[in-house]
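need the 3D shape of this:
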Amino acid sequence: MLDKYPGWQPKYCRLHSPRKKSGARSAGRAARSGGAQRNRTLREENLTLAEVLAKYEDGAGTGVFTDGSAVPNPGPGGWGAVWVEDGGIVRQAHGHEPHTTNNRMELRALIEAFTMLPSDAEIDVLSDSELCVNTITRWAPSWERAGWKRKAGPIKNLELVQELLALYRAHPDCRLRWTAAHSGTRWNEYADSLATAWKRSTL
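Purely as a prediction, here's the structure:
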């Protein structure tokens, strides 16, 4: 190139391009960020209730915490709910179904949570299923107004959605909220342990 155009000077060298370095730095940051994100995401451990209490201390000490899962999905699964006040267990429940789905178990856990509460309760009910929380707090009322129909097609688990919506409305002072799954909070992990108790010989 320099022989053909005497005196021409390149603005930058491709081998040492600041653009290339910037891209490499971005890729490095992305890789590190992705690795950090993976490290922050904890896996389901299938701990006993006693092991959960010994291992975890963080998170809110008051609320009704719920969880549900199926392994594989669909497949056998379970649900769990624990009502906690100031760090003490007021009531807990869990169950198992031989063939189900994650969403059905998450909905069942919430149904059992509201069932164990008096109608005048004032407490947060927490689920790590954002889908279930949005279904009840945002979408189900509009489906109901439309005759339990939606443009996207049939409503999955309709009987559970209807049951849960009625219970949610019967507890007007309870707040249904989402919480992150497997983030190391004591009572969310405890609810997870209840939901997976069917896989263990020890509760």
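
which residues of the chain score low on pLDDT?
Along the chain, segments meeting pLDDT under 70 span 1-44.

list the buried residues for the top strand by length along it?
As assigned by DSSP state E, the longest strand anywhere in the chain is strand 88-100. Buried residues in strand 88-100, defined by neighbour count with 16 or more other C-beta atoms under 10 Å: 92-97, 100. Placement of C-beta: from N, CA and C, glycine included.

how about stretch 193-203?
Neighbour counts over stretch 193-203 (16+ other C-beta under 10 Å) mark 193-198 as buried.

picking that back up, would you indicate which residues of the very next helix or strand once past the longest strand of the chain are buried?
Downstream of strand 88-100, the first helix or strand assigned by DSSP states H and E is helix 102-116. Across helix 102-116, burial judged by 16+ other C-beta under 10 Å covers 102-114, 116.

and of those residues, the nearest to Arg150?
Relative to Arg150, the closest of the buried residues of helix 102-116 is Asn103; by C-beta to C-beta it sits at 15.5 Å.

and Leu126, helix, strand or coil?
Judged by DSSP: H, G, I helix; E, B strand; the rest coil, the three-state class of Leu126 is strand.

quick one: the closest residue to it other than its chain neighbours from Thr66, how far?
By the measure of C-beta to C-beta, 6 or more residues apart in numbering, the closest residue to Leu126 outside its immediate chain neighbours is Thr179, 4.5 Å from it. For Thr179, the distance to Thr66 (C-beta to C-beta, to the nearest Å) stands at 9 Å.
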